[in-house]
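Asks: give me coordinates for this.
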Amino acid sequence: MSVRLSTEDWWLIAFGATVVYTAAMYWCMPTSKARLRMFAAPLAGWLFLLPDATVKGYSVPHTLYVYSGVLLTFVVMLAPIARKVAADIREQEEKPWDKVPLNTFSLYWMIGRARLAQEPRPVSGSTSPMGEP
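Replies: Next up is the predicted model:
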């Protein structure tokens, strides 16, 4: 089965991914300083990535696909280990002069999820992420 999505559909998906990312990062981050930093990714995407891609003539649906994928990758990587990430962030903000020891489980989880998110998974009968044959 091939899925065909219009540019308007990808705009809706990108907006939805932004909302999901914002809610998840608000929930995951322990302090207002950390929350503010995590809002920089979607803001930079909407202000710089998407207009720049349009000006350069890149495919808007592909750009929106990548934008949505990056935001959702952060959600998948950080949400399951939110407590450990929050503890590390809180400790680092309380003691910026001390180096926080690396949490091995969190490190391997994020590396593994990032690696899995990078592997292309074609839809059956399709060769591109946009559903085009």
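
Asks: can I assume residue 50 is in contact with residue 64?
Replies: Yes: Residue 50 is in contact with residue 64 according to CB atoms under 8 Å; the separation is 7.3 Å. From N, CA and C alone the C-beta is placed, and that goes for glycine too.

Asks: higher neighbour count, these two?
Replies: The neighbour count for residue 50 versus residue 64, taken as other CB atoms under 10 Å, is higher for residue 64 (25 against 18).

Asks: okay, buried residues for the helix or strand of the chain with the lowest mean pLDDT please.
Replies: Using mean pLDDT, DSSP states H and E, helix 104-118 stands out as the lowest-scoring helix or strand of the chain, at a mean of 75. Of the residues in helix 104-118, 106, 109-110, 113 count as buried by neighbour count, 16 or more other CB atoms under 10 Å.

Asks: ok, the residue most central in space within the chain to residue 94 distance?
Replies: When CA atoms, centre = their mean is applied to the chain, the residue found nearest the centroid is residue 71 (1.8 Å). Using CB to CB, to the nearest Å, residue 71 is found at 28 Å from residue 94.

Asks: so, low pLDDT: which residues of the chain?
Replies: Scanning the chain for pLDDT under 70 picks out the ranges 1-3, 99-103, 117-133.

Asks: one more pass at 50, please.
Replies: Applying pLDDT under 50 to the chain flags the ranges 1-2.

Asks: does the spatially most distant residue from the centre of it count as helix, strand or coil?
Replies: Each residue of the chain has a distance to the centre, and by CA atoms, centre = their mean the biggest one is for residue 97: 29.1 Å. Three-state assignment for residue 97 (DSSP: H, G, I helix; E, B strand; the rest coil): coil.

Asks: quick check: it vs residue 31, distance?
Replies: 17 Å.

Asks: before we move on, what about residue 77?
Replies: Residue 77 is 19 Å from residue 31, by CB to CB.
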